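J.: sequence and computational prediction follow.
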Amino acid sequence: MTFEKLRPMLWTEKMDETIAFYCEILGFICAEKDDSLGWASLYKNDIEIMLAKPNAHEDYKHIGFSGSFYITVDDVDALWLEIKDKVKICYPIEDFSWNMREFAIYDNNGYILQFGQEIS
């Protein structure tokens, strides 16, 4: 048995606002959107994210995730300069002892997105 990919599904009550955040600020492309299902699929390069409005199948009380989404990029400094004034920052860009240069932001729902690049 082979696991092929992880494609997170993020719950949001603000579908259009969330699509705009990921597409306009981070450069994702909305591949599919189905308003009747309350669902959308976004991608950028090899990263895929699905968005869904909470429904009766979930024990939904509030939007939340007890972790973060870590995305490696090839030019973390350029990304930082491009988006730092457009987003709510969790922590600014810095070098860490584990040989990564990274920063973190919050998306419009409060999910933490970390972006990092290995320091050579």
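T.: Structure's in. What do you need? Numbering: from 1, shown residues only.

J.: distance of Asp107 relative to Lys14?
T.: 10 Å (C-beta to C-beta, to the nearest Å). Bear in mind the C-beta positions are built from the backbone N, C-alpha and C, glycine included.

J.: those two: which is more packed in?
T.: Asp107 (20 against 14; other C-beta atoms under 10 Å).

J.: quickly list what Ala104 is bridged to.
T.: Beta bridges link Ala104 to Tyr91, Gln114, judged by DSSP bridges.

J.: what's the burial count for it?
T.: 18.

J.: verify the stated contact: it with Cys90.
T.: Yes - assessed by C-beta atoms under 8 Å, Ala104 is found in contact with Cys90 at 3.7 Å.

J.: okay, and the common contacts of these two?
T.: The contact sets of Ala104 and Cys90 overlap at Ile112, Gln114 (C-beta atoms under 8 Å, 6 or more residues apart in numbering).

J.: could you list the domains of this protein?
T.: 1-54, 67-120 (automatic domain parsing).

J.: got these as TSV, with mean pLDDT columns?
T.: As requested, these are exported to TSV (pLDDT from 0 to 100):
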stretch	mean pLDDT
domain 1-54	95
domain 67-120	97
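
J.: where do the strands of this structure begin and end?
T.: According to DSSP state E, the chain carries its strands in the segments 9-11, 29-34, 39-44, 47-52, 68-72, 88-96, 100-106, 112-118.
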